[in-house]
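> next comes the sequence, and after it the predicted model I'd like to discuss.
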Amino acid sequence: MKYDFKTLVSRKGTGSEKWEQMYAWNPQVGDDVVPFSVADMELKSPPELIDGLKRFLDNAVLGYTMPYDGFYDAVIGWQKTKHNWNIKKEWIVNTPGVVDAFYAAMRAFTNPGDGVIIFKPVYYPFSMAIDDNERELVNCPLINTNGYYTIDYDKFDELAKEPKNKLLIFCSPHNPVGRVWNKEELERVAEIAIKNDLIVVSDEIWNDLIMPGYDHTVFATVNEQLNDRLITCTAPSKTFNLAGLAISNIIISNENLRKEFKKAIDVVRGGTVNILGYKACEIGYTKCEGWLEEVIKLVDTNQKVVKKFFEDNFPKIKAPLIEGTYLQWVDFNALKMTNKLLEKFMHMEAEFFLDEGYIFGIEGSGYERINLAAPTHVIEKALKRLEKVLKKVYK
């Protein structure tokens, strides 16, 4: 392996969101405990990225910045070579993050009281954006068949027909259940959205993190008619662990839709991206594909480690393999604990810090989301810690 995926970099005292959160939950945890909650990586950054930023900073003037040709070329080239998606420079709208895009789309294409459809359990800022903007959350729960999730098309069609429901926020690949929707599934969602005049926000921030044997299909490529009502959210942040540099590329081919979206972003000055965000995106998309390929192999190894751990030691706890993202969705309902009791057990007894399933919706009750983007030996150590306390409560 060309890259160092064994060294653990302690983020204690650096302002890391999930590390600070861990110490707030349990101030007594040792320095060898690592959180697996918030979705950024516990891996050293791509060396090509760090070296590229260093060279850039040697001569940079850190003033006001806007997108430039090299940046656009990198984004367009990545989408073409990685996803077989031909986009144009003028389609790209920059925001600090995809969550900003959810909020902007809410303001641009709906009014207070309008319904917004989501498929729970799902990334919780979907719900936050709906509630904070005083829209009505319309849930179309995914169908869970022994840990494998599919879309309830009949329910979705029924909800889409309601005139008050104006917008769909769609997660592809899906966080937290790890599904990579296939082309046929996406075509059915597109047909229902088009037929019922829904605007669609497709969150594809995980589109580069696909496990071996699976392929991501860009939603914009499945039905030409869909593009007149589609906002596609992409970013290098999950791909190259750049969340702290706040750069996202929101791709909107329909000019009128794009104008309305930009108005909503401009109202809150939400289109400002920092100079290092642009440069890091360019470097990631042009220099770091090899690093990404190795990360995917690591995540695939780690998910199999987790799955085998539960199968061998606690078979009633289910950890299905994921198709995409680096987040494994583990079913702890066999412990018959309430959400709060499970949370306390994980934080205080196991010192195993994850994202609690219930924050993704009631459908996530009894589940935990494990971030697999960490050195394998670090995950194995955490599982050994978990094993000691699980033996006391597992029946």
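Arrived safely.
> helices or strands next to the longest strand seen in the chain in the packing?
Longest strand in the chain by number of residues (criterion: DSSP state E): strand 165-171. If you count contacts as 3 or more CB pairs under 8 Å, 6 or more residues apart in numbering; DSSP states H and E, strand 165-171 packs onto helix 98-109, strand 115-118, helix 125-132, helix 183-195, strand 199-203. Backbone N, C-alpha and C define where each C-beta goes, glycine included.
> what's the spacing between that strand and its chain's center?
Distance of strand 165-171 from its chain centroid, counting by CA atoms, centre = their mean, to the nearest Å, is 17 Å.
> cool, and stretch 239-246?
That offset, for stretch 239-246, works out to 12 Å (CA atoms, centre = their mean).
> now stretch 172-190, how far from the chain's geometric center?
13 Å.
> grab the nearest non-local neighbour of residue 131.
Closest residue to residue 131 apart from its sequence neighbours, by CB to CB, 6 or more residues apart in numbering: residue 137 at 6.6 Å.
> so what are the sheet partners of the helix or strand that contains the one you found and their directions?
In this assignment (DSSP states H and E), residue 137 forms part of strand 136-139. Next to strand 136-139 in the sheet, as set by DSSP bridges, lie strand 115-118 (parallel).
> what's the strand it pairs with in contact with?
Outside strand 115-118, the residues that touch it by CB atoms under 8 Å, 6 or more residues apart in numbering are 106, 110, 126-127, 130, 135-140, 156, 159-160, 162, 164-169, 198.
> on that earlier part again, residue 354: which of the helices and strands packed on strand 165-171 is closest?
helix 125-132 (17.7 Å; CB to CB).
> next one: the closest one to chain centre, how far?
Centroid separation between helix 125-132 and its chain, computed with CA atoms, centre = their mean, is 15 Å.
> what's it packed up against?
Applying 3+ CB pairs under 8 Å, 6+ apart, we find helix 125-132 packed against helix 98-109, strand 115-118, strand 136-139, strand 165-171.
> how far does the first one sit from its chain's centre?
Think helix 98-109. 16 Å.
> ok so, going back, now, of the contacts of strand 115-118, which are buried?
Neighbour-count burial (16 or more other CB atoms under 10 Å) applied to the contacts of strand 115-118 gives 106, 110, 126-127, 130, 135-140, 156, 159-160, 165-169, 198.
> can you count the residues close to the closest residue in space to residue 32 that isn't next to it in sequence?
Distances taken as CB to CB, 6+ apart put residue 381 closest to residue 32, at 7.4 Å, once the chain neighbours are dropped. For residue 381, the count of nearby residues is 15 (other CB atoms under 10 Å).
> tell me which helix or strand residue 381 sits in.
Counting by DSSP H and E, the element that carries residue 381 is helix 376-393.
> buried stuff in that helix?
Buried residues in helix 376-393, defined by neighbour count with 16+ other CB under 10 Å: 376, 378, 379, 382, 383, 385, 386, 387, 389, 390.
> would a markdown table of these with distance to residue 295 be doable?
Output for those, formatted as a markdown table (distance: CB to CB, whole Å):
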| residue | distance to residue 295 |
| --- | --- |
| 376 | 12 |
| 378 | 15 |
| 379 | 14 |
| 382 | 19 |
| 383 | 20 |
| 385 | 24 |
| 386 | 24 |
| 387 | 26 |
| 389 | 30 |
| 390 | 29 |
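> picking that back up, go ahead and name everything in contact with the helix holding residue 381.
Here helix 376-393 makes contact (CB under 8 Å, 6+ apart) with 5-6, 8, 32-34, 36, 42, 298, 301-302, 305-306, 309, 313-314, 317, 335, 337, 345, 349-352, 372.
> now the strands for the protein?
Using DSSP E, strands in the chain cover 92-95, 115-118, 136-139, 143-145, 148-150, 165-171, 199-203, 230-234, 248-251, 327-331, 355-356, 367-371.
> so which of these is nearest residue 61?
Relative to residue 61, the nearest member of the strands of the chain by CB to CB is strand 92-95, separated by 19.8 Å.
> which residues sit against that closest one?
For strand 92-95, contacts defined as CB under 8 Å, 6+ apart pick out 67, 72, 75, 101, 104, 247-252, 258, 261-262, 265, 270-271, 273, 278.
> if we can go back for a sec, residue 193 is nearest to which of the helices and strands packed on helix 125-132?
Of those, nearest to residue 193 by CB to CB is strand 165-171, at 5.9 Å.
> I'd assumed residue 31 was in contact with residue 12.
Yes. Using CB atoms under 8 Å, residue 12 is in contact with residue 31, at 6.7 Å.
> so those two - more neighbours on which side?
Higher neighbour count among residue 12 and residue 31: residue 12, with 13 against 7, using other CB under 10 Å.
> ok, now which ones touch the more buried one?
With CB under 8 Å, 6+ apart, residue 12 has these contacts: 19, 23, 31.
> and it, how far from residue 45?
Using CB to CB, to the nearest Å, residue 12 is found at 18 Å from residue 45.
> then residue 217?
Distance, residue 217 to residue 45, by CB to CB: 29 Å.
> and these two? Which one has more around it.
residue 217 (21 against 17).
> residues near the residue nearest to that one when sequence neighbours are not counted, how many?
Of all residues not flanking residue 217 in the chain, residue 183 sits nearest, at 4.9 Å (CB to CB, 6+ apart). Using other CB under 10 Å, the number of residues around residue 183 comes to 12.
> assess the claim that residue 183 and residue 216 are in contact.
No. Assessed by CB under 8 Å, residue 183 is found out of contact with residue 216, at 10.3 Å.
> surely residue 171 meets residue 121?
No. Here residue 171 does not reach residue 121: they are 10.0 Å apart, not a contact under CB under 8 Å.
> more neighbours: which of those two?
residue 121 (28 against 24).
> got a list of what that one touches?
The neighbours of residue 121, taking CB under 8 Å, 6+ apart as the test, are 141, 142, 176, 177, 357, 360, 361, 363, 364, 367.
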